[in-house]
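Novice: Sharing a model that was predicted from the sequence below.
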Amino acid sequence: MKIEGEHVFNGSREEVWAMVRDPEVLATMLPGTTKLSQLSENEYEGAINLRIGPISGGFSGRVVVEDEMPPEHCKLVAEGEGRPGFFKGSGTVDLIEVDAGTLMKYEGEIQIGGKLASIGQRLIDMTSKTMIRQGMKVLDAALDKRKAQAAD
Amino acid sequence: MSNVMDITVTVNGEVFQRRIEPRLLLSDFIRHELNLSGTHVGCEQGVCGACTILFDGMPVRSCLMFAVQADGHEIRTVEDLGTMEDLHPLQEAFWETHALQCGFCTSGFLMSILPVLEQNSGLSEDDLRHALEGNLCRCTGYQHIEDAVRLAAEKMSSGGES
Amino acid sequence: MTAKLIGKRIKRNEDPRLLTGQALFVDDVELPGMLHAAFLRSEYAHARLKGVDVSAALERPGVVAAFTAEDMGDAWSPGPPLVIPPPTIEEVEFYTRTQVPLVKDKVRHAGEPLAIVIAESRYIAEDALDDIVVDLEPLDVVTDIERALDSDSPLVHDDLEPNLAAHLVQEKGDYAAAREEADTVIKRRITIERGIAGAMENRGIVASWDNKQQQLTVWDTTQSPIPIRNGLASMFGLSEHQVRVIAPFVGGGFGPKIMMFYPEEVLLTWSTLKMGKPIKWIEDRRENFYATTQERGQVHDVELALTSDGRILGLRDDFLHDTGAYDPYGLTIPLNTQCHALGPYDIPNFSSDLKVVFTNKTLTTPVRGAGRPQGVYVIERMLDIAAKELGIDRVEIRKRNFLPNDVFPYDNIIIDQAFASFVIDSGDYLPAMEKALEMIGYEKFTKEEQPKLREEGRRVGIGVVSFIETTGVGPYEGARVTIESSGKISAATGVGTQGQSHFTTFAQIIAEQLGVDVRDVHLVTGDTAQFHWGTGTFASRGAVVAANAVNAAASIVRGKVLKLASEVLETPEEELEIEDGVVRVADIPTRSITLGDLAQRSNPLRGAVEPGTEPGLEATAYFGPNYGATAFGTHAMIVEVDPETMMVEIKRYIVVEDCGTVLNPLIVEGQIHGGVAHGIGNSFYEKLVFDDNGQLLNASFMDYLIPTAAEVPRIEVAHQETPSPLNPLGSKGVGEAGAIPVPALFAQAVENALGVDGLEILESPLSPQRLFELFYEEEKDA
C-alpha cells in the first residue's frame, strides 16, 4: 500500500524538524499510541492500539531513522506486529521552505499482513488517511504550542 | 463488573431465562444454549445468511448479534416453522422443487423469505431473485430455490397456514 | 423390466429432516464434558519457527491444555500422502512433501497451525490464542509459480531446489512431426487462477476417546470416512474396529473435504487419546480461506497445429501447476488437465510437459472440476482462436474434430488420474452440440439478432463449448442391503453424503429391485461402523460406483427373495412378482407373502439353517469399474457486456448434458445448476488475491464473491443419455459437469460480445476491471 501526501506547517524547517524528532510529540501524534520511547539517536520503539473496521488490537513496533539530512530530509524504516497482523514499510520525509512556512512531503510503501490484510483491505486505505490527517492536526497544535512557549 | 447477565428471551413461543456472558453470540446461544441446531453458522461475518432467524418478526443475522440483545424480545427459528410430519407450505415447496442439496443454507433461506412471502403477493421474477440475494448457496445454483419460493407463494395465497 | 423408479423425478427422502432443522451436522454434536479446540495459525507465509511458548495460555482460566509440535513427540510426522503419483508412468520425477500436524521447523504457508489450545469453550480457546508467544523469523516469500522455478527463488522446502514438486512428460503420437505438416500453428499463453470450494459449512471435527470402552469415535466433515478411519487407526496403533468415523450430514464438500490428513484431524485425535475427553473443533470462515485446500492455479504455454480446414494435427500443452506448500494429492489435478485438453476431439498427436511447483500458499487439492476446467479452457480457447485465424465458424471447427461414434472405447494413450491409460468408454458428441445450438438459437442469433444489436451499439455475444468429464473412477465401493422383519429396507454404503442425494437415488435403485416404496428404504452413508470398505466421494463417482454396488447388492437380495418365496409359495420363481412390498404369484394375487414375513422366515428362531446358507434377506456387494466413464456435454450462453461498467449479464444459459443413465432428473438438474453457478463464480467473480508476501487479501465472503441468485441465470437443461458400457446401470457421474466448461464458455462469449478485433481472452477469472483493461488496450492499439 502506498502512503503519500503533504502538509504545510506554520513554522520554519528547523522548528518542524525538532518537533518531529521529539518522542513526546510523536507519542501523541497517532491516536491509540500507548507508548513511544527513543532507544537511541535514531531508533524509536512503541505500541499502538488500532481499530480498523472489524479488526482491533495492539501492535508493537520499531522505527529507525536513516539518511538524515536535517532539516531537509530523512528516511524512516518501520516494522511491527501484533494481534491484528504485521506490517513492514519505509518512506521518506522532505521539508521544503515555502512562503507559508514549511511544506512537508511524505511518501512510502507499507506491506501489511495477517488478519488486517485479509479482512480489512477496503478500510486500510481510508483509515490510514484519517489517522495521518489527525496526526497532522496534532502536530500543528504542538508546533503552535512550542512557538508560544519559545516566545515566552 | 459482572461477567454474566441474566436474559429472558421468547424463542418459538417459549420463554427462556438464562445467565450468559455478554459476548455470547445469538447464533451460539440458539444453537448451543438452547440446543436448537437447525440454525447454521456459515461465516460469522454476516454475508452468507445461513444463520438468519426472525427477531420480532424481522429477519436478522444471528451471527452478528449478541444474545443479550435478545433480552425481552421474540425469536423464531426454523424449528418453529413446521415438523417432519407437518411441514409449512414453504418447506413443502422446497421439498417438491428440490430446493436443497446439502441443506446447510436452507434454514437461512426459509427464515429470510418467510416474511417476504407473508407480507407480499404477486412478486415478479426480479423481485423474487432480489429477495434471495442475501443468502448464499453453493449447491443449488438457486434455480430450484426460486421455483420453491414461487410455488410457496401460490400455496400460501390459496389458504396455506402462516 | 421397465424402470418404475429409476429415471423418475422423485423428491428426496432426506428433505423433511433437513428442512425442519433436525439433521445432524458435526457442530450439532454435543457430548458430556466436551472441550473445545482452537488453532494458533501463522500469519506469515514463510518463516522459521524459533519458539512457541504456551505457558501464558495455560494460565488462563478455562484453558485445559495447549500443545505444540514438540509436545507431540514421536507422534508428530508429516503426511501420509493421500495419492501417490501413477506408478504406470515411466520417468516421473515426483518429490513427496506432505503437510504437517503442527509446524516444527518452518512455516510454509499463511495459516499453517503452530499450536492447539483446548478449553472449556470456543470463546476461551480463541482468547487463549492471543496469550501464546510465537517467535517467527520471516523469510522471503515465493508466490508466483514461474518465479518459484528460478534458481534464486526462496525455497519452500529447504532440501528441494528449485521448488519443483514434480515433472513429467506425456506424449501421444509425434507432435513435432505433426507440427511440421501443419498449415497453421497457433501459440498462446493461458493463465488460470485459484479459487476455493466455498462449501457453506466449514470443516469441523469432534473426536472422542472413551478409555473405558477403548473406543475412538470421530465425527468429521470428511468426504472419505473409511480411509480416515483406517488411517487414524494405523497412525495411533488402534485396531480399525476400535475406530468409528462418522460423516453425518455434511454441508457441501466439493473436493477439499477429502484429505488425509488435515492437521486438525490428527491433532484432535491425538489430543483426545491423550486427555480422554471429547474435543470439538469447528473451523471459522476466515480459517477456511487459509486452512482448507484450494485449486486451479496454472500457467499454460499451448500450441495447436492444424490443417487449413481446421483439422487438428496435434496439440502441445506445456504447463506449470501450483500445488501450494505441499503435494499430498499427487498428480491427480494436472493429469486431469492433460486428459481434458484432449476433449471430445480426435487429436492424434499430443505432447505435454508438466511441472508441478511449490509456492508459499495454501495447498492445492481438487476443487469441483479438479483440473478438468483448465484442460477444457485450453483446448476450447485454442479452437476459438484457430477458427478466427482460419476463417471457420467456431461450431464448425469443433464438429470437424469431434471423435466419431464408431471409435469407442477410444484409447487416448496418455495416463489419467486413475493410473490407467485414458480411455473414453462412450460418447455421442454431435447430437449434444446440435441440441444446444437449437436450444440457444445459434443460427438466428448470429445471423439476425446479433448484427441488429451491434448496430444499436450493444455488446451481446454468444458462446458454445463442448467438453468431456471423466467420472466414476475406481477403485471400488460397496453396499449392504437388508430386508427387515418390518418389510422395510435398510442399507448402508461407505461413501459420505454432502448433498448429492444418495439417500434418494440409492433408495430408488433398491426400491426398483425390491418392489418397495422409495420412502421405505432407509440408507446410512458415511458411518464406518455400518460399512467399512470403500473410499469416498470424489471425481463424480457416487452415482456410478456406489450406485452400482447398491444395485448389485439389491439384485442379490432380490434373488434371495424370489428363491425363498418360491419355496414358501410353492411356485416357480418365474411366476412370481414383487410389488408394494409383497411377493405374489402372477395370476393368483391371493397367493402372496409380504417381504417382512419372508424376512422373518429367513431368520428362524427354531429349526435348522442349512450349512452353506446365510440367514436373512441380506447381501453385501462391491463394484469396481475397469476405468472411469466419460460423461460429456455442450454449454451455450448469450451474454451482454456493458461497455462502461464491464459488468456482464447472462441472457440465456443452455446445458445439454450426457451422464449416461439418469437416476433422477430432478437431482441431475440440481447438480448441473450448482456446478454452473460455481463455474460462473470461477469465470467472473471469484479470485483469490495473494500479495507478494503470500497474504490472502480477500479472506472473507465480503471480498471473495460467491455468486448469489442475482448472478446466476435460469439454466435450461436438456438430457441426452448415452449409457456407459462400463456398469450395469449405464450411469456416468455429473457432480462436476456443470462447473467444467464455464470459464471457457465465458471467455468465448464475452470476446464475442465485446467484438473487438485482436482482443483475446486468455485468462480466468475475468473481472470488470480486467475486461476494461483488455478492451481499452485493444482500442488504443487499433
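Specialist: In hand now; what should we look at? Numbering: from 1, shown residues only, chains lettered A, B, ... in the order given.

Novice: shaky segments in chain B?
Specialist: Across chain B, the stretches falling below the confidence threshold (pLDDT under 70) are B:1-2, B:159-162.

Novice: mind giving me the domain split of it?
Specialist: Using automatic domain parsing, the domain parsing of chain B gives B:5-79, B:89-157.

Novice: Mean neighbour count, these: which tops it?
Specialist: Neighbour counts (mean count of other Cβ atoms under 10 Å in any protein chain shown) averaged over each of these peak at domain B:89-157, with a mean of 22. Backbone N, C-alpha and C define where each C-beta goes, glycine included.

Novice: Nearest to chain C: which residue in chain B?
Specialist: Taking Cβ to the nearest Cβ as the measure, chain B has B:Gly38 as its residue closest to chain C, at 1.7 Å.

Novice: I'd like to know how far that residue sits from C:Arg17.
Specialist: Applying Cβ to Cβ, to the nearest Å, the value for B:Gly38 to C:Arg17 is 10 Å.

Novice: Is C:Arg601 in contact with C:Glu567, as I believe?
Specialist: No - contact between C:Arg601 and C:Glu567 fails when scored by Cβ atoms under 8 Å: they sit 9.1 Å apart.

Novice: if you count what's nearby, which of the two comes out ahead?
Specialist: A side-by-side neighbour count of C:Arg601 and C:Glu567, using other Cβ atoms under 10 Å in any protein chain shown, places C:Arg601 first with 15 against 11.

Novice: List the contacts of that one.
Specialist: Under the criterion of Cβ atoms under 8 Å, 6 or more residues apart in numbering or on different chains, the contact list for C:Arg601 reads C:564, C:568, C:593.

Novice: ditto for C:Arg458
Specialist: C:Arg458 makes contact with C:Glu640 under the criterion Cβ under 8 Å, 6+ apart.

Novice: Backbone dihedrals for it, please?
Specialist: phi -90, psi 140 (degrees, to the nearest 10).

Novice: Then B:Gln119?
Specialist: The phi/psi pair for B:Gln119 (degrees, to the nearest 10) reads phi -100, psi -10.

Novice: got a list of what it touches?
Specialist: The neighbourhood of B:Gln119, defined by Cβ under 8 Å, 6+ apart, contains no residues.

Novice: Just give the number of residues close to C:Gly612.
Specialist: 5.

Novice: which secondary structure elements does the longest helix along chain A contact?
Specialist: Among the segments of chain A that qualify as a helix by DSSP state H, the longest is helix A:121-151. Using 3 or more Cβ pairs under 8 Å, 6 or more residues apart in numbering or on different chains; DSSP states H and E as the contact test, the elements touching helix A:121-151 are strand A:2-9, helix A:13-20, helix A:23-29, strand A:43-52.

Novice: how about stretch C:749-757: buried residues?
Specialist: By neighbour count on 16 or more other Cβ atoms under 10 Å in any protein chain shown, the buried set for stretch C:749-757 is C:749-754, C:756.

Novice: Not including adjacent chain positions, what is the nearest residue to residue 14?
Specialist: Went with chain A since none was named. In this structure, A:Glu14 finds its nearest non-sequential neighbour in A:Pro71, 5.1 Å apart by Cβ to Cβ, 6 or more residues apart in numbering or on different chains.

Novice: think we crossed wires, I meant chain C
Specialist: Nearest to C:Glu14 is C:Phe503, by Cβ to Cβ, 6+ apart, at 4.3 Å.

Novice: What are the boundaries of the helices in the stretch 601-750 of chain C?
Specialist: Listed from the start of the chain, the stretch 601-750 of chain C has helices (DSSP state H, counting those that start in this stretch) covering C:665-680, C:742-754.

Novice: C:Trp209 is nearest to which of the ones you listed?
Specialist: helix C:665-680 (37.1 Å; Cβ to Cβ).

Novice: Residues of chain A that sit close to chain B?
Specialist: Remark: the part of chain A in contact with chain B comprises A:Pro54, using Cβ under 8 Å from any Cβ of the partner chain.

Novice: rewinding a little: mean confidence for the longest helix of chain A?
Specialist: Rounded to a whole number, the mean pLDDT of helix A:121-151 is 86.

Novice: re the thing from before, for the residue nearest to A:Glu14, which residues are in contact?
Specialist: A:13-14, A:16-17, A:95.

Novice: just A:Ser37 next, same as before
Specialist: Applying Cβ under 8 Å, 6+ apart to A:Ser37 gives the contacts A:23, A:44-46.

Novice: Of all pairs in these, which one is the farthest apart?
Specialist: Maximum pairwise distance in the contacts of A:Ser37, criterion Cβ to Cβ, is 9.6 Å, between A:Pro23 and A:Glu45.

Novice: so B:His130 makes contact with C:Ala710?
Specialist: Yes - the pair B:His130 and C:Ala710 qualifies as a contact (Cβ under 8 Å) at a distance of 7.1 Å.

Novice: quick one, strands of chain B?
Specialist: Secondary structure of chain B (DSSP state E): strands located at B:5-11, B:14-20, B:52-55, B:58-61, B:74-76.

Novice: Could you tell me which strands sit next to the last one in the sheet, and their orientation?
Specialist: Applying DSSP bridges to the sheet, strand B:74-76 is found paired with strand B:5-11 (parallel), strand B:52-55 (antiparallel).

Novice: where's that strand relative to the chain centroid, distance-wise?
Specialist: Put simply, strand B:74-76 sits 10 Å off its chain's centre (Cα atoms, centre = their mean, to the nearest Å).

Novice: TSV for the strands paired with strand B:74-76, including distance to C:Lys361?
Specialist: Formatted as TSV, the strands paired with strand B:74-76 follow (distance: least, Cβ to Cβ, whole Å):
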stretch	distance to C:Lys361
strand B:5-11	43
strand B:52-55	33
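
Novice: returning to what we had before: mind checking the SS state of the residue nearest to A:Glu14?
Specialist: Under DSSP: H, G, I helix; E, B strand; the rest coil, the three-state class of A:Pro71 is coil.

Novice: Which pLDDT value goes with it?
Specialist: 88.

Novice: any idea how far it lies from A:Glu15?
Specialist: In this view, A:Pro71 and A:Glu15 are 9 Å apart by Cβ to Cβ.

Novice: likewise A:Gly5?
Specialist: With distances taken as Cβ to Cβ, A:Gly5 is found 20 Å from A:Glu15.

Novice: more neighbours, the two?
Specialist: In this comparison of A:Gly5 against A:Glu15, neighbours counted by other Cβ under 10 Å, the higher total goes to A:Glu15 at 18 against 12.

Novice: for that one, what are its contacts?
Specialist: Counting by Cβ under 8 Å, 6+ apart, A:Glu15 has contacts A:9, A:102, A:143, A:146-147.

Novice: How about A:Lys2?
Specialist: For A:Lys2, the contacting residues are A:107-109, taking Cβ under 8 Å, 6+ apart as the criterion.
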